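> only geometry, no sequence info:
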């Protein structure tokens, strides 16, 4: 097996991975950086983010406002020291991106424009029309081409971390175009592998978001934190799950039910505001968890519109006018028109909540360091945690930048302190074992278990039992089902394609393994959390319980048993848990 | 929801087992809102797990699923089945080496992209601490369209010149160079000209315009290349003029 040496290996070349690579290359041009990604960097799912990135820069805004919105939005499960660091670094990162050429929208005087987003007291979302993630990703990718020390390993799928003596010292990865396995030896490894939304059937996430980065760390003994917190975005196209940005509501779009009535005022988000008059942090500008939960209640009451793709409500943007829509939401118009045949300029758009984002992920501290020496994580795959129980829209793009950079700086600190080399023989043996496991998959005769069949069963149980509202019974059923699926996967999954070059049968088998592990961590963490907080809502424990659950869940991997669930403290510095008030008359 | 069935003919090729590509036919259901990518996913999940293609976002922004559909380069995620007759032929993007089935090699583009320096080379250095560069909405508008390229390779597949002369930098790479040249914050045009105005650069373009017709994001690379040619010609005259005046 060929070995590639690097100082820092980064798994994932989306927003966080690219930002980390650039930060490392800038900090020390002599470092070799291996950027290992299962797709070409510009295919990474950061490109699908639409609305924008939050950073307090305007005169009417402050770091304190951004802090308070984020901590309250997260239902006080965020670590406040991390949020403090995040809001402080945010403006610098967004300006840095501007200096690299990101085409942010502008005010007439040439300064950067901001738009309102949900759950924010002051408007602070920097945006590039409704393709903010796309422009951020391409700006980062194109900028990364400046640095000769960044070596791209595109379409390399990481299978295992190499760990010796409590330190991560590399990884193994399969090169898709040849099917060959390589071992990467690195003095520090950063995981930036993205989320895991594809474990649900109805998701805004691209096919690549299968939790591989999370699973890598989890299997190496690093706990997954707060996995039960899954964000449903309130406005997805019903037939495809395609996202219509929160910017639709930020620009003034409203939600109405089957009777043509706005309904959010019935769920603590009122009083109703005048159409066309934006009031921040209330009604349609409430946080995502509350809006998705309100949809569920409307559905229970029979106030939704039945469609061939499930029950919907309407997103009405007609009053915004063609000019504003074309200038600020052109992609939304294109998406709704082509994929659903509905033009938001003329028609109300049927939408329903859709799985969008994992608040949980690889347990890291404020330095983006995991408990495993030499291993760091950033972006959606990580849980720092700034997002707590519910992420505010436009915080995740900023998070990629702030903690992508932070992970690189921490990795460099680690290089400077950890002088010991790993045990070469032990690491090579691990790499060989990883390769043998893949070979065994090839050797196994084709059986009755199909990858798509197991995946469908996983998705169905997640949708049925781990959605917007959950119960003990449903979660317990999902836990049983996932344990069964993991057993069947381990015993029976096989490949129809036994060849080496660009074998997506193999790729999908490995991705399914990642998703099953993440799904089980999610369900077991949810089962153990007997309270309702943010995006984790239990019909059998309807209140928030700070006495018992103001703490982070930690799921620890076991190869054949369900994960062990433990907890760690939430860092509270200056904001004591309070009431999340999104009514418009709080002032 | 299925109103008819569609025959999908897919070009298959596995370098390990096949001496040359061959056609394979699959029957798939037709759904009104299905795109060709949905049909491929249906095949992969239900009929033939050995079929290989790239895809991710299913919303025409990641650029993964470019392929020839009935002979034209298209994004599979934005090509609706309803717009085709009962037989659809799907092939890998023209002008690129096939890695396997519908998966083509990207190396050529990636190295060309790096050569044109597709990043801001600031006219004036400014520390991050001093805040953003000012750029008016009108200045943004000058280059915005050219920043919308998703690198899907469809313009290369549509370009007859690239088919004939593989060393041609090609529509997307030159357009992205032009995007930075037009940026009010940028001062790097001269550095990019070395590649863009070279023998392998913009002068290979014969203004067929197929790239702009095929571009799924309406970036108009042909327009960008004509602007680059005009600007390069003006450079040449200026150079001549200054040498006459000496």
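Yep, it's here. A quick note: this is a predicted structure, and the numbers were derived from the prediction, not measured.

> which residues touch the most centrally placed residue in chain B?
Nearest to the centroid of the C-alpha atoms of chain B, with distances taken as Cα atoms, centre = their mean, sits residue B:153, at 3.1 Å. Counting by Cβ atoms under 8 Å, 6 or more residues apart in numbering or on different chains, residue B:153 touches B:63, B:66, B:73, B:93, B:96, B:104, B:106, B:109, B:172. The way it works is simple: take the backbone N, C-alpha and C, and place the C-beta from them, glycine included.

> and the first one, which of the three is it?
Going back to what we said before, that points to residue B:63. When classified by DSSP: H, G, I helix; E, B strand; the rest coil, residue B:63 comes out as coil.

> just the fifth one next, same as before
In the three-state summary, residue B:96 is assigned as coil, counting by three-state DSSP.

> what pLDDT does the model give the nearest residue to residue B:93 once chain neighbours are set aside?
Computed as Cβ to Cβ, 6 or more residues apart in numbering or on different chains, the closest residue to residue B:93 that is not its neighbour in sequence is residue B:157, at 4.3 Å. Looking at residue B:157, its pLDDT reads 98.

> my read is residue B:157 is in a helix, agree?
Yes: Residue B:157 sits within a helix when classified using three-state DSSP.

> skip the chain neighbours and tell me the closest residue to residue A:252.
Nearest one to residue A:252, counting by Cβ to Cβ, 6+ apart, is residue A:320 at 5.4 Å.

> check whether the longest helix along chain B contacts chain A.
As assigned by DSSP state H, the longest helix anywhere in chain B is helix B:221-245. No: judged by Cβ under 8 Å from any Cβ of the partner chain, helix B:221-245 stays clear of chain A, getting no closer than 15.4 Å.

> if we go by neighbour counts, what in that helix is buried?
For helix B:221-245, a neighbour-count test (16 or more other Cβ atoms under 10 Å in any protein chain shown) marks B:221, B:222, B:223, B:224, B:225, B:227, B:228, B:229, B:231 as buried.

> in CSV, list those residues along with pLDDT.
What follows is these, written out as CSV (pLDDT from 0 to 100):
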residue, pLDDT
B:221, 97
B:222, 96
B:223, 96
B:224, 96
B:225, 95
B:227, 95
B:228, 95
B:229, 93
B:231, 93
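
> could the residues you listed go into CSV alongside distance to residue B:14?
Below are these laid out as CSV (distance: Cβ to Cβ, whole Å):
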residue, distance to residue B:14
B:221, 33
B:222, 36
B:223, 40
B:224, 38
B:225, 37
B:227, 43
B:228, 40
B:229, 42
B:231, 46
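
> one step back: does the residue nearest to residue B:93 touch residue B:96 like I think?
Yes: taking contacts as Cβ atoms under 8 Å, residue B:157 lies within contact range of residue B:96: 7.1 Å.

> tell me which of the two has more neighbours.
Using other Cβ atoms under 10 Å in any protein chain shown as the criterion, residue B:157 and residue B:96 rank with residue B:157 on top: 24 against 20.

> just give me the neighbour total for residue B:80.
Neighbours of residue B:80 (other Cβ under 10 Å): 15.

> and it, backbone torsions?
Taking degrees, to the nearest 10, you get phi -80, psi 130 for the backbone angles of residue B:80.

> next up, the contacts around it.
Applying Cβ under 8 Å, 6+ apart, the residues near residue B:80 are A:338, B:33, B:34, B:35, B:36.

> same deal with residue B:26?
Contacts for residue B:26 (Cβ under 8 Å, 6+ apart) come out as B:7, B:8, B:9, B:10, B:43, B:47, B:48.

> that's a helix at it, yeah?
No: applying three-state DSSP, one finds residue B:26 to be strand, outside a helix.

> on that earlier part again, quick one: which two of the contacts of residue B:80 are the most distant?
Of all pairs drawn from the contacts of residue B:80, the one with the longest distance (Cβ to Cβ) is A:338 and B:36, at 13.5 Å.

> what segments of chain B are strands?
B:5-12, B:22-29, B:66-69, B:72-75, B:87-91, B:98-100, B:103-104 (DSSP state E).

> for the fifth one, which helices and strands make contact with it?
Pointing back at strand B:87-91 there. Using 3 or more Cβ pairs under 8 Å, 6 or more residues apart in numbering or on different chains; DSSP states H and E, the elements in contact with strand B:87-91 are strand B:5-12, helix B:36-42, strand B:66-69.

> of all the ones you listed, which one is nearest chain A?
Smallest distance to chain A across these (Cβ to the nearest Cβ): 8.5 Å, for helix B:36-42.

> quick check: residue A:43 vs chain B, distance?
Distance from residue A:43 to chain B, counting by Cβ to the nearest Cβ, to the nearest Å: 5 Å.

> so who does that residue touch?
A:208, B:54, B:56, B:62, B:63, B:64.

> kindly report the same for residue A:548.
Contacts of residue A:548 by Cβ under 8 Å, 6+ apart are A:530, A:531.

> and the pLDDT for the residue of the stretch 201-350 of chain A at minimum distance from chain B?
Residue of the stretch 201-350 of chain A nearest chain B, by Cβ to the nearest Cβ: residue A:206 (3.7 Å). The model reports residue A:206 with a pLDDT of 98.

> just for chain B, where's the confidence low?
B:1-3, B:246 (pLDDT under 70).

> which residue sits closest to residue B:75, ignoring its sequence neighbours?
residue B:216 (5.0 Å).
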